[in-house]
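**Q** Sequence first, predicted coordinates after that:
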Amino acid sequence: MQLANRIRQIRQAYGFSQAEIAHKCEITPSAYGQIERKARNSTFKTLQKIATAIGVSLPFLGAFQIKNSSKKTSYNLLLDVFSFFYLYARKAKTFSFFSF
């Protein structure tokens with residue numbers, strides 16, 4: 001499952017509208033909708049804002065699991081999350097899980 005779909009499912013599970021999250025992230029509802037449809041790439045900073053607006057941690061946002069998902073799928077999601085953080089850390093030269 002792609003990050004855009006996980007963001008949508010978490011937002012819906014927490015009962016927020018796209019407009020509410022967009023307002024909290026200080027982006028237009030149209031731009032937020034494009035992120036969920038994967039029509040627009042989002043920055044790491046925007047992903048942090050989305051996670052904060054929904055009220056979850058960034059790792060949770062990236063590793064959200066759907067009920068009845070297979071172990072292989074869960075493993076792949078976790079691998080994607082750790083890969084994302086690894087690439088970010090290499091780009092930023094510094095990284096801390098406590099920086100969120």
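**A** Thanks, I have it. Numbering: from 1, shown residues only.

**Q** what about Phe60, neighbour count?
**A** Per other Cβ atoms under 10 Å, the neighbour tally for Phe60 reads 15. For glycine as for every other residue, the C-beta is placed from the backbone atoms N, C-alpha and C.

**Q** from memory Gln48 sits against Leu58, does it?
**A** Yes - applying Cβ atoms under 8 Å, one finds Gln48 in contact with Leu58, separated by 5.8 Å.

**Q** Can you list the neighbours in contact with stretch 6-17?
**A** Contacts to stretch 6-17, defined as Cβ atoms under 8 Å, 6 or more residues apart in numbering, come from residues 18, 21, 35-36, 50, 53-56, 60-62, 64, 66.

**Q** Determine which two of these are furthest apart.
**A** Across these, the longest distance by Cβ to Cβ is 21.2 Å; it joins Ala53 and Ile66.

**Q** Which one's more surrounded, these two?
**A** Ala53 (19 against 12).

**Q** Got phi/psi on the closest residue to the more buried one other than its chain neighbours?
**A** Nearest residue to Ala53 in three dimensions, chain neighbours excluded: Lys24, at 3.6 Å (Cβ to Cβ, 6 or more residues apart in numbering). Main-chain torsions, Lys24, degrees, to the nearest 10: phi -60, psi -30.

**Q** burial measure for Lys24, as a count.
**A** Residues near Lys24, counting by other Cβ under 10 Å, number 16.

**Q** swap in the one 4 residues further on?
**A** Here the neighbour count serves as a burial measure; for Thr28 (other Cβ under 10 Å) it reads 12.
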